[in-house]
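Trainee: Here's a sequence, model it:
(one chain, ligands or ions: 1)
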Amino acid sequence: MTVTDLPDLLDTVDTFYGPSVVVGKLFPLTGPCPNHCGECDQCARSKYYTPRNMEMLHTQARANSYYWRTDVEEGYGTFTKQLPAIADSQPQEWMSRFVHCFDDIADRIENGEVPYPRCTGEEMALHLILDDCAEILALGDSAYEYLIAQELDTVLPHHPDDGDTESLRDVMFEDHDVLMLFNPAFDTTDTNPAAAMLGRCNLEPDTWFLPFRPEEPV
Ligand SMILES: [Zn+2]
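Mentor: As a prediction, this is how the structure comes out:
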C-alpha cells in the first residue's frame, strides 16, 4: 500500500464495504472497570479498541484483502514483496492462504471481537494493516476520514486514542517475534543458526497458519 493508492482505496471501500457495515458500533465506548486496573478487557476497550479504531482496522483489513488477492491472482508481486524474504519461495496457494488472514481479522471485527492474532500469518497481516493505517493517518485528517467513511462521522464518537496505531501494536500482540523475519539473518532457513528460533516460534512458512491455541481455530 502506498499513499498514491488512496483514491483507488476510497472506491474499493465505497463499493464493497460502504457505510452499511458500521462495525465501529459494535465497540461502544465504555469506561474502565471499577478498579481501573488497566489490564482487563473492559479497560482495554475503554482506551484502545475505540469505535473509530475498530472501524479503521476493519476497513484496512478488507482493503488489503482486496488488493493483495488481486496481486496474488495476477502475479504482480507488488504487495507480496512487503513480506519477509522467507516468503519469497512460497507457492501461490500459500500466498492466497496468507491473504485470507486479512479476511479472518475483518470477520472477527464484524463479530464484535478484538482480532487478536491467532497464528503467525495473522500477526503479519495485522502488522501490515497497522503500517498502512499509520501511513494514511500521517497524511492528516482528510485521509483519516477515508478510514471511517464520511457518512460515519456523525455516527461514531471520538476518543483521544483514535488513530494511535502504535498503542494498538503494543496491546494486540503477545510478542513481536514475527518481525524478526525482516532481519537478514532469517533470509534462509538452511544451515542458519536462526533455524532453531524459527522452529520454536511458528515462524517457518509451513507453520504460519497453525493456530497458537486449539480453542482458537484459524
Ligand atoms: Zn480493568
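
Trainee: Where does the prediction get shaky in this protein?
Mentor: Within the chain, the stretches with pLDDT under 70 are 1-21, 150-151, 187-199.

Trainee: where do the helices sit along it?
Mentor: For the chain, applying DSSP state H gives helices covering 6-17, 41-47, 51-74, 92-110, 120-137, 141-147, 165-172, 195-200.

Trainee: export the second one as PDB, just CAs?
Mentor: Extracted C-alpha coordinates of helix 41-47, given in PDB (Å, rounded to 0.1, in the frame of the first residue of the first chain):
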ATOM      1  CA  ASP A  41     -10.700  -6.400  28.500                       C
ATOM      2  CA  GLN A  42     -13.000  -3.700  29.700                       C
ATOM      3  CA  CYS A  43     -10.100  -1.400  30.400                       C
ATOM      4  CA  ALA A  44      -8.600  -2.100  27.000                       C
ATOM      5  CA  ARG A  45     -11.900  -1.500  25.200                       C
ATOM      6  CA  SER A  46     -12.300   1.800  27.100                       C
ATOM      7  CA  LYS A  47      -9.000   3.000  25.700                       C
END
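
Trainee: and for that helix, what are the contacting residues?
Mentor: 27, 29-33, 36-37, 114, 161, 167, 171 (C-beta atoms under 8 Å, 6 or more residues apart in numbering). Where C-beta positions appear, they are placed from N, C-alpha and C, glycine not excepted.

Trainee: who wins for neighbours among the residues you listed?
Mentor: Sorting the contacts of helix 41-47 by how many neighbours each has (other C-beta atoms under 10 Å) puts F27 first, at 21 neighbours.

Trainee: leaving aside the residues next to it on the chain, what's closest to that one?
Mentor: Spatially, and ignoring its direct neighbours in sequence, F27 is nearest to M54 (4.5 Å; C-beta to C-beta, 6 or more residues apart in numbering).

Trainee: Count the residues that sit near that neighbour.
Mentor: 26.

Trainee: K25 is in contact with that one, correct?
Mentor: No - M54 is not in contact with K25 according to C-beta atoms under 8 Å; the separation is 9.3 Å.

Trainee: Just give the closest residue to the most centrally placed residue in the chain, not the sequence neighbours.
Mentor: For the chain, L126 is the residue whose C-alpha lies nearest the centre (C-alpha atoms, centre = their mean; 2.4 Å). Distance criterion C-beta to C-beta, 6+ apart; nearest residue to L126, sequence neighbours excluded, is P117 at 5.4 Å.

Trainee: From what I see, that neighbour and M172 are in contact.
Mentor: Yes - counting by C-beta under 8 Å, M172 is a contact partner of P117 at 7.3 Å.

Trainee: so what sits against both of those two?
Mentor: L126.

Trainee: And those two? Which one has more around it.
Mentor: P117 (22 against 19).

Trainee: Ramachandran angles for the more buried one?
Mentor: phi -60, psi 140 (degrees, to the nearest 10).

Trainee: ok, now which ones touch it?
Mentor: 105, 123, 125-126, 172-173, 212.

Trainee: Now, of those, which are buried?
Mentor: 105, 123, 125-126, 172-173 (16 or more other C-beta atoms under 10 Å).
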